[in-house]
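Novice: Here you go, sequence then predicted model.
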Amino acid sequence: MTFSQLISPLTFPSSGFDLADASENIEEETLPTYKAEKYYPTRIGEIFNDRYQIVGKLGYGVTSTVWLCRDLHLDMSH
C-alpha cells in the first residue's frame, strides 16, 4: 500500500433512477427499536473528515448500518 496525494472523489448520478417515496419507511425504519434521532442520515457520495467517501450501504442491523467507504488518501493502484 502506498500513501499518496488526495484521490478525486467519485461523482454519483442525481437522476436516471426512481426516488423512494419519502412517506414510506426504508428497511431500517421498520425495526421496532428504530428512532430517527439515533441515526445519522448519510448520503451516497458524502465525504467525512476530508478523507472517506460513502460509496454504498453494505447492510444494517438492530443498532447500526454498515457503509462501504472509499479512502481518498490511500492509493491502492500500487
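Specialist: Nice, I can see it. Numbering: from 1, shown residues only.
Novice: and the gap between the residue most central in space within the chain and F12?
Specialist: Nearest to the mean C-alpha position of the chain, counting by CA atoms, centre = their mean, stands I54 at 3.6 Å. As judged by CB to CB, to the nearest Å, I54 and F12 stand 9 Å apart. All C-beta atoms are positioned from the backbone trio N, CA, C, and that covers glycine.
Novice: what touches both of these two?
Specialist: 44-45 (CB atoms under 8 Å, 6 or more residues apart in numbering).
Novice: which outside residues touch stretch 64-72?
Specialist: 6-10, 28, 39, 42, 47-48, 50-60.
Novice: For that stretch, what is the distance to the chain centroid?
Specialist: 6 Å (CA atoms, centre = their mean, to the nearest Å).
Novice: ok, L31 - how many residues close by?
Specialist: By other CB atoms under 10 Å, the residues close to L31 number 13.
Novice: For burial, what's the neighbour tally of the nearest residue to it once chain neighbours are set aside?
Specialist: Spatially, and ignoring its direct neighbours in sequence, L31 is nearest to V62 (6.1 Å; CB to CB, 6 or more residues apart in numbering). Residues lying near V62 (other CB under 10 Å) number 9.
Novice: The strand ranked longest in the chain pairs with which strands?
Specialist: When the chain is parsed with DSSP state E, its longest strand is strand 52-60. Paired with strand 52-60 in the same sheet, following DSSP bridges, are strand 47-48 (antiparallel), strand 65-71 (antiparallel).
Novice: Run through the protein and note the low-pLDDT ranges.
Specialist: Within the chain, the stretches with pLDDT under 70 are 1-5, 75-78.
Novice: If we use 90, what do you get?
Specialist: Applying pLDDT under 90 to the chain flags the ranges 1-42, 59-65, 73-78.
Novice: ok, which stretches of it are helices?
Specialist: Read by DSSP state H, the chain holds no helices at all.
Novice: Surely E46 and V55 touch.
Specialist: No - using CB atoms under 8 Å, E46 makes no contact with V55, being 10.1 Å away.
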